[in-house]
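[1] next input, structure requested:
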Amino acid sequence: MQKQYDVYGIGSALMDFLIEADEELLKQFNLIKGNMHLIDEQQSVEFMKKVKEYNMKIAPGGSSANTLAGISQLGGKVVFCGKVGDDENGYLYEKKTVESNIKSNISKGNVITGHTITFITPDSERTFATHLGAAMQLTKEDLFEEDIKDSKILHVEGYQLEDPNLRATTLHAMSIAKANNTKISIDLADPALVSRNKDDLKSIVTEYADIVFANEEEAKAFTGKDGEAALIIIAKMAEIAIVKLGAKGSWIQKGPEKTFIAAHKVNAVDTTGAGDMFAAGFLYGYSKDMDLEQCGKIGSYIASLVVSQIGARLDTIPTDFLKNL
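    The predicted structure follows:
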């Protein structure tokens, strides 16, 4: 059956506040470099007061939403499902989403729009302080079920699988997908999150996932193994396993077949969004029936573009390279 959309994504609709900072600032805020930290509204206000003298870039974000933006730029048709507040940031978020040629399945909650303060240290590592706000209020009633059925892939960020209410909403979406021949893609998202929810995530991946994305740290937290050994374990749980090794490349496994994808050598300025863009490239290729090596090469290429700049999204993605795959 022909489906109208390539990917339907569910995720936290978060405004990104990007700041270049030193490690001393992370210590002041008691943040562990490289991790995502959940903060409450009061903490968020305090953090923002302390960083107001820093240069700040503001952009719509959230892992799943970033991935969908990349797929759209490559020429794919996508839908984003998330929740924002009935406030200035919420209206800006939806406006930017629609301007990115992403169909909006964005609803409005009764608290402020979620946001992430992203601290980028001189080694290009990023550390997140996130207040989820309205993103926590996403319910089953907010899902466009017909669009899930009419999509080739349902893509879910791991952040949706920790909070019990968000998990229930996401599992409902996955059940719809599974019943309607929509492939299910899960990005494990964050090593600390994986460690906190390992057993539940293993059950969810085994029951629902067709495609699993993990970086090196997430894969180790999930399996207890490094790199290729982790890949083999994940590939027994899902149809396709992807373990990203940063500058060392990435591994893809389907059944017994493994494919190594070399990384593009670039001057990395900010690793924010690298995993999201890799997923964008891979899922775009997969939705167009490309082989796994081609999918991985697209992911690797656009991930290299995004780490060469500040921010998790690209203004444009040159698509000429697709002709040479």
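[2] roughly how far does the closest residue to residue 225 other than its chain neighbours sit from residue 260?
    Nearest non-adjacent residue to residue 225, counting by CB to CB, 6 or more residues apart in numbering: residue 233, 6.2 Å away. Using the backbone N, CA and C atoms, a C-beta is placed for each residue, glycine as well. Applying CB to CB, to the nearest Å, the value for residue 233 to residue 260 is 17 Å.
[3] before we move on, what about residue 241?
    Applying CB to CB to residue 241 and residue 260 gives a distance of 13 Å.
[4] the two: who's more crowded?
    residue 241 (25 against 13; other CB atoms under 10 Å).
[5] hang on, the earlier thing: between residue 241 and residue 260, what contacts are shared?
    251, 252 (CB atoms under 8 Å, 6 or more residues apart in numbering).
[6] in this structure residue 321 contacts residue 304, no?
    No: if you go by CB atoms under 8 Å, residue 321 and residue 304 don't touch, sitting 10.9 Å apart.
[7] mind checking which of the two has more residues around it?
    A count of neighbours by other CB under 10 Å puts residue 304 above the other of residue 321 and residue 304, at 18 against 12.
[8] who does the helix or strand that contains that one touch, helix- and strand-wise?
    Under the criterion of DSSP states H and E, residue 304 resides in helix 292-306. Applying 3 or more CB pairs under 8 Å, 6 or more residues apart in numbering; DSSP states H and E, we find helix 292-306 packed against helix 63-74, strand 240-244, strand 250-254, strand 257-261, helix 274-287.
[9] now do it, average pLDDT.
    The average pLDDT for helix 292-306 rounds to 93.
[10] can you give me the angle that helix makes with helix 63-74?
    The directions of helix 292-306 and helix 63-74 differ by 100 degrees, with axes from the mean of the first three to the mean of the last three CA atoms, to 10 degrees as the criterion.
[11] how about residues contacting helix 292-306?
    In this structure, residues lying in contact with helix 292-306 by CB under 8 Å, 6+ apart are 70, 74, 240, 242, 244, 249-250, 252, 254, 257, 259, 261-266, 272-286, 290, 312-314, 317, 321-322, 325.
[12] which of the residues you listed are buried?
    70, 74, 240, 242, 244, 250, 252, 254, 259, 261, 263-264, 272-286, 290, 312-314, 317, 322 (16 or more other CB atoms under 10 Å).
[13] shaky segments in the protein?
    The chain contains residues with pLDDT under 70 at 1, 270-272.
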